[in-house]
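My questions concern the predicted model and sequence given below.
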Amino acid sequence: MATQLERARAGIITTEMEKVAAEEDLSPEQIRQGMVDGSIVIISGNGRAETATGIGRGLRTKVNASIGTSSDLIDIEMELEKAAVAADTGADTLMELSTAGDLDDVRRRVLAAVSVPVGNVPLYQASAEAAASLGSNLKMTEDLLFELVERQSADGIGFMAIHCGINRLTLSVLKSQGGRSGGLVSRGGAFMSAWMQATDSDNPLYEQFDRLIEILHQYDVVLSLGNGMRAGAVSDATDKAQIQELIINCELADRARDAGVQAMLEGPGHIPIDEIKANVILEKKMSGGKPFYMLGPITTDVAPGYDHITAAIGSAWAAAYGTDFICYVTPAEHLGLPYPDDVRQGVMSSRIAAHVGDMIKLGRRQADYEMGKARRDLDWEKQFALALDPEQARSVRDARPGSGSEGCSMCGDQCALKVGEAAC
Ligand code: SF4
């Protein structure tokens with residue numbers, strides 16, 4: 001069956017394009033054209049057309065929430081709760097990144113529980129299954145890896161972060177630059193690098209790219225070219241290894257599209273604030289404007305416990321400069337697996353950042369204008385309705401004395417808006 005991209009090229013408007021157009025307040029033809037020129041992807045998943053979500057130029061910046069077990073904490077019920085919390089808090093997509101427990105079961109239960117597109121990293125399950133069945137993840141076979149891409153695609157995974165851009169050349173660049181002060185932090189990137197060294201082989205996801213693309217085409221999965229060389233410390237940002245991988249990923253994205261598979265590119269990671277713009281420009285120029293999915297970016301390394309904030313600062317700048325899709329960061333980042341409340345805080349922080357970016361990128365300021373007027377008018381119900389998190393806004397006000405008064409307990413009877421009423 002033809003993929004969304006192939007149908008767009010044939011001039012066909014699909015129901016998925018219509019859904020995205022309605023959500024973005026654009027015409028279906030604008031969405032179709034964006035797909036044809038590669039600036040927009042639509043993610044859904046096998047048998048999950050109703051979850052179709054658009055990512056790319058001219059569209060609202062989207063937020064991903066990642067969940068999943070680890071070997072230290074296998075609690076599928078909690079992962080399902082985290083999935084529900086993420087969706088309820090407004091995440092546009094989920095990534096199910098479990099690495100321990102019954103991985104097929106958790107993926108299928110998450111897919112059944114949420115009505116947003118779900119992505120993943122097939123390398124994680126390949127590593128876990130190789131460790132369980134062969135005694136070491138370094139014994140992973142190429143066939144197992146491709147079989148997992150197919151198994152997960154068939155289940156309804158809508159986008160896959162696949163680390164194709166780590167090959168012998170990328171690793172030689174990493175070595176020649178003297179490694180990294182912060183090490184390798186991408187789980188997929190670190191595992192693939194270790195596997196390549198242990199087996200003295202090149203990356204099968206790079207070497208057999210056509211085999212990968214054939215599977216993604218069959219299930220119309222969006223290829224998200226993983227950033228295995230993303231910096232895990234601001235001091236490593238924008239180095240040669242990261243750029244080398246980006247060059248390879250840009251070439252592979254074109255090959256994927258030539259074969260009718262939609263593609264987007266992933267980016268770092270940890271970036272000081274003055275390098276974010278350069279990272280966005282590089283990806284957009286080198287890829288020909290393909291959607292950019294950034295992980296954070298985290299803007300300082302010295303605030304563990306508050307990395308939802310360090311990342312929200314970076315995400316706001318990134319979105320303003322043109323990033324299309326941001327992966328949330330929770331307060332638990334660098335410290336442990338997130339709990340449901342960490343997920344809630346992470347999604348809200350990223351949604352705020354995405355909105356701040358869209359005020360610049362898309363000029364979306366009407367809600368802010370309305371909020372200013374509602375505050376001037378001391379219209380509390382309207383303020384709650386306009387808030388990104390109405391429940392939180394209402395609960396803060398209700399928990400304080402004076403919540404029944406016109407103003408609030410911040411200034412009490414010296415409410416500036418009442419005092420200055422006559423002036424404006
Ligand atoms: S009391 Fe102060 S903070 Fe509260 S609404 Fe009036 S001016 Fe604003």
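Okay, I see it. Numbering: from 1, shown residues only.

Show the pLDDT at Thr299.
For Thr299, the pLDDT comes out at 98.

Contacts only, for it.
The contact partners of Thr299, taken as Cβ atoms under 8 Å, 6 or more residues apart in numbering, are Val234, His270, Ile271, Pro272, Ile273, Ile276, Thr310, Ala311, Ile313, Gly314. All C-beta atoms are positioned from the backbone trio N, CA, C, and that covers glycine.

how near is the third one to the ligand?
Just to be clear, that refers to Ile271. Ile271 is 35 Å from the ligand, where distance means Cβ to the nearest ligand atom, to the nearest Å.

Quick check, that residue in contact with Ala237.
Yes - contact criterion Cβ atoms under 8 Å: Ile271 and Ala237 qualify, at 4.4 Å.

between these two, who's got more neighbours?
Between Ile271 and Ala237, counting by other Cβ atoms under 10 Å, Ile271 is the more crowded of the two (28 against 24).

Just the pLDDT for the most centrally placed residue in the chain.
Closest residue to the average C-alpha location of the chain: Cys327 at 3.2 Å, with Cα atoms, centre = their mean. In this prediction, Cys327 carries a pLDDT score of 98.

List the beta-bridge partners for it.
Using DSSP bridges, the bridge partners assigned to Cys327 are Asn64, Leu295.

List the contacts of it.
The contact partners of Cys327, by Cβ under 8 Å, 6+ apart, come to Val63, Asn64, Ala65, Ser66, Met95, Tyr293, Met294, Leu295, Gly296, Ser350.

Can you tell me which of these has the lowest confidence score?
Lowest pLDDT among those: Gly296, with 89.

count of neighbours near that one?
Residues lying near Gly296 (other Cβ under 10 Å) number 28.

The nearest residue to it once chain neighbours are set aside and the ligand, how far apart?
Nearest non-adjacent residue to Gly296, counting by Cβ to Cβ, 6 or more residues apart in numbering: Ala311, 3.9 Å away. Ala311 sits 29 Å away from the ligand, going by Cβ to the nearest ligand atom.

Ser395 too?
In terms of Cβ to the nearest ligand atom, Ser395 sits 16 Å off from the ligand.

Find the helix or strand that that residue is a member of.
Assigned by DSSP states H and E, Ser395 belongs to helix 390-398.

Extract the C-alpha set from whichever helix or strand Ala131 is part of and format it as PDB.
For Ala131, the element it lies in under DSSP H and E is helix 122-134. Provided in PDB are the C-alpha atoms of helix 122-134 (Å, rounded to 0.1, in the frame of the first residue of the first chain):
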ATOM      1  CA  PRO A 122      14.000  -0.700  18.500                       C
ATOM      2  CA  LEU A 123      17.600  -1.100  19.400                       C
ATOM      3  CA  TYR A 124      16.700  -1.100  23.100                       C
ATOM      4  CA  GLN A 125      14.600  -4.200  22.800                       C
ATOM      5  CA  ALA A 126      17.100  -5.900  20.500                       C
ATOM      6  CA  SER A 127      19.800  -5.300  23.200                       C
ATOM      7  CA  ALA A 128      17.500  -6.600  26.000                       C
ATOM      8  CA  GLU A 129      16.400  -9.700  24.000                       C
ATOM      9  CA  ALA A 130      20.000 -10.500  23.000                       C
ATOM     10  CA  ALA A 131      21.100 -10.300  26.600                       C
ATOM     11  CA  ALA A 132      18.300 -12.500  27.800                       C
ATOM     12  CA  SER A 133      18.600 -15.200  25.000                       C
ATOM     13  CA  LEU A 134      22.300 -15.100  24.100                       C
END
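
For this structure, what lies in contact range of the ligand?
Gly407, Cys408, Met410, Cys411, Cys415, Ala416, Leu417 (Cβ under 6 Å from any ligand atom).

which among the residues you listed end up buried?
Neighbour counting by 16 or more other Cβ atoms under 10 Å classes Gly407, Cys408, Cys415 among the residues of the chain next to the ligand as buried.
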